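Student: structure of the sequence below:
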Amino acid sequence: MNVGAPRTLAHSWLLLVHQLPAKPAYLRVKIWRRLQDLGAIAVKNAVHALPMNEETQEDFEWLLREIREGGGEAFLCEARLIDGLSDEEVRALFDRARDADYAEVVKDARALAKSLRPNAKSAVLAEFRGQVARLRKRLAEVVSVDFFGAIGRETVEGMIKNLGRARLGRCATGPGSRGKAYTSIASPALG
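Tutor: Residues are numbered from 1 along each chain as shown. Have a look, this model is predicted:
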């Protein structure tokens with residue numbers, strides 16, 4: 001669990017059960033994106049879960065209002081899983097979802113690392129800095145909904161740290177070491 005994150009009560013889940021109208025189609029996309037942003041996972045079709053805490057309850061309450069204002073139906077409940085799906089299985093769903101998010105950030109970071117060339121012009125370096133900042137922002141967004149500490153976080157944090165070093169030129173000290181430094185940034189084994 002993240003340091004400073006709201007405490008999650010054991011065996012207590014928030015379930016948002018909803019039905020959206022067929023039209024307008026944009027409402028379905030909007031609600032799907034909101035669910036993704038909140039870090040909710042689907043436990044059944046149109047049933048999404050979040051760990052129970054004050055923050056997640058408030059998030060789902062806002063989404064509930066949006067669904068109703070859009071002409072849909074929804075209700076929110078606090079639940080304890082008894083049969084059919086265990087708490088560990090739900091936590092595993094959250095971890096898999098976050099690991100997939102982390103993998104996307106890693107993929108983008110690797111592509112960025114491969115794009116940086118020795119002796120890059122200042123405009124290219126400025127763009128590189130902006131892209132690293134965007135990756136850090138995306139990482140922070142994923143971390144904010146990583147309720148149970150998925151393992152993919154360490155890899156992406158190390159990769160972004162190495163990208164920052166490359167940007168500052170601290171990875172390489174001489175012309176012969178630059179290629180080696182950039183290769184290590186894109187490698188999967190980071191420390």
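Student: for Arg136, what are its contacts?
Tutor: The neighbours of Arg136, taking CB atoms under 8 Å, 6 or more residues apart in numbering as the test, are Ile160. Using the backbone N, CA and C atoms, a C-beta is placed for each residue, glycine as well.
Student: mind checking what secondary structure His48 has?
Tutor: strand (DSSP: H, G, I helix; E, B strand; the rest coil).
Student: skip the chain neighbours and tell me the closest residue to it.
Tutor: Ala40 (4.1 Å; CB to CB, 6 or more residues apart in numbering).
Student: the one you found contacts Leu50, correct?
Tutor: Yes - between Ala40 and Leu50 a contact is recorded at 5.2 Å, counting by CB atoms under 8 Å.
Student: what residues are shared contacts of these two?
Tutor: Shared contacts of Ala40 and Leu50, defined by CB under 8 Å, 6+ apart, are found at 16, 60.
Student: can you name every helix or strand that the biggest helix by length in the chain contacts?
Tutor: When the chain is parsed with DSSP state H, its longest helix is helix 87-115. Judged by 3 or more CB pairs under 8 Å, 6 or more residues apart in numbering; DSSP states H and E, helix 87-115 is in contact with strand 41-44, helix 122-144, helix 152-168, helix 178-186.
Student: would you mind measuring from the residue nearest to the spatial centre of the chain to Leu163?
Tutor: The structure's the chain has its C-alpha centroid closest to Val142; by CA atoms, centre = their mean the separation is 2.4 Å. As for Val142, its distance to Leu163 is 16 Å (criterion: CB to CB, to the nearest Å).
Student: how close does Leu15 get to Ala100?
Tutor: In this view, Leu15 and Ala100 are 22 Å apart by CB to CB.
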